[in-house]
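> A predicted structure for the sequence below; I have some questions about it.
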Amino acid sequence: MTAEEVKQSIRNVPDFPIKGIQFKDITTALAKPDCLRWMRDELVKRYKDKGITQVVGVESRGFIVAPAVAMEIGAGFVPIRKHNKLPAETVSVTYAKEYGDDTIQIHKDALNENDVVLIHDDILATGGSMEAAIKLVRKLGVKKIYVNCIIELEGLNGRKYLANSGVDIDCLFGIEVDE
């Protein structure tokens with residue numbers, strides 16, 4: 001399995017969630033065991049020696065690969081969820097998305113100053129939701145943050161937007177927005 005084969009297995013869904021958005025649907029890649037295994041193994045290879053103690057998955061597609069990576073590198077898994085989805089005391093960040101505002105939360109006691117964190121999500125687009133996730137994790141005073149996404153939507157400048165965030169950003173591969 002190669003990055004190109006995984007990339008080719010991702011489907012486009014036009015006009016989702018709103019008209020004009022070309023949604024990159026990774027569920028078609030996740031349904032193929034070889035693609036799923038490649039994603040997990042590639043992430044493990046990239047992060048196994050970074051001292052990561054917690055892998056934070058961003059709702060919802062960040063929940064799919066992140067726990068498998070966490071188990072393989074000997075880290076825990078922590079979810080970042082949308083507003084009012086976590087049962088205990090939380091901290092929140094509200095941010096603007098391409099198609100409206102959203103609020104994400106994390107349990108207040110999920111991370112601490114000794115944690116080295118990998119924040120994982122499926123797509124880096126404009127950088128707004130990842131910036132919010134970084135801010136949220138920083139509120140808990142962690143030692144270091146790494147960021148990974150499966151896909152970087154090239155041309156939307158998410159990496160450039162996050163350039164001054166002070167975190168290491170990595171994506172498994174890039175896809176043009178209209179590809």
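Done, it's in. This one's a predicted model, so the numbers in the text were calculated from it and none came from an experiment. Residues are numbered from 1 along each chain as shown.

> Check which element follows the longest helix anywhere in the chain along the chain.
Looking across the chain with DSSP state H, the single longest helix is helix 33-47. Following helix 33-47 in sequence order, the next helix or strand is strand 54-58 (DSSP states H and E).

> Below-threshold pLDDT in this structure: ranges please.
For the chain, the stretches with pLDDT under 70 are 98-99, 179.

> Show me what counts as buried in the lengthiest strand in it.
The single longest strand within the chain, with elements called by DSSP state E, is strand 144-154. Residues of strand 144-154 classed as buried by neighbour count (16 or more other C-beta atoms under 10 Å): 145, 146, 147, 148, 149, 150, 151, 152, 153, 154. Any C-beta I mention is one placed from the backbone N, CA and C, and that applies to glycine too.

> who's in contact with the second one?
Contact analysis of residue 146 by C-beta atoms under 8 Å, 6 or more residues apart in numbering lists 47, 50, 52, 116, 117, 118, 119, 167, 168, 170.

> gap between it and residue 165?
Residue 146 sits 11 Å away from residue 165, going by C-beta to C-beta, to the nearest Å.

> ok, the closest residue to residue 120 other than its chain neighbours - contacts?
Of all residues not flanking residue 120 in the chain, residue 66 sits nearest, at 4.3 Å (C-beta to C-beta, 6 or more residues apart in numbering). Counting by C-beta under 8 Å, 6+ apart, residue 66 touches 55, 56, 57, 77, 118, 120.

> And for residue 136?
Counting by C-beta under 8 Å, 6+ apart, the residues that residue 136 touches are 80, 91, 92, 93, 104, 105, 106.

> Kindly report the same for residue 14.
22, 23.

> Starting from the longest strand of the chain, tell me which strands it pairs with and how they run.
strand 116-124 (parallel), strand 168-176 (parallel) (DSSP bridges).

> can you tell me the distance between the two ends of stretch 67-82?
18 Å (C-alpha to C-alpha, to the nearest Å).

> again, but for stretch 138-146
Termini of stretch 138-146 sit 12 Å apart (C-alpha to C-alpha).

> just stretch 163-173 next, same as before
For stretch 163-173, the end-to-end distance is 18 Å (C-alpha to C-alpha).

> try stretch 161-174
16 Å.

> Now that stretch: buried residues?
Counting neighbours by 16+ other C-beta under 10 Å, stretch 161-174 gives 161, 162, 165, 167, 169, 170, 171, 172, 173 as buried.
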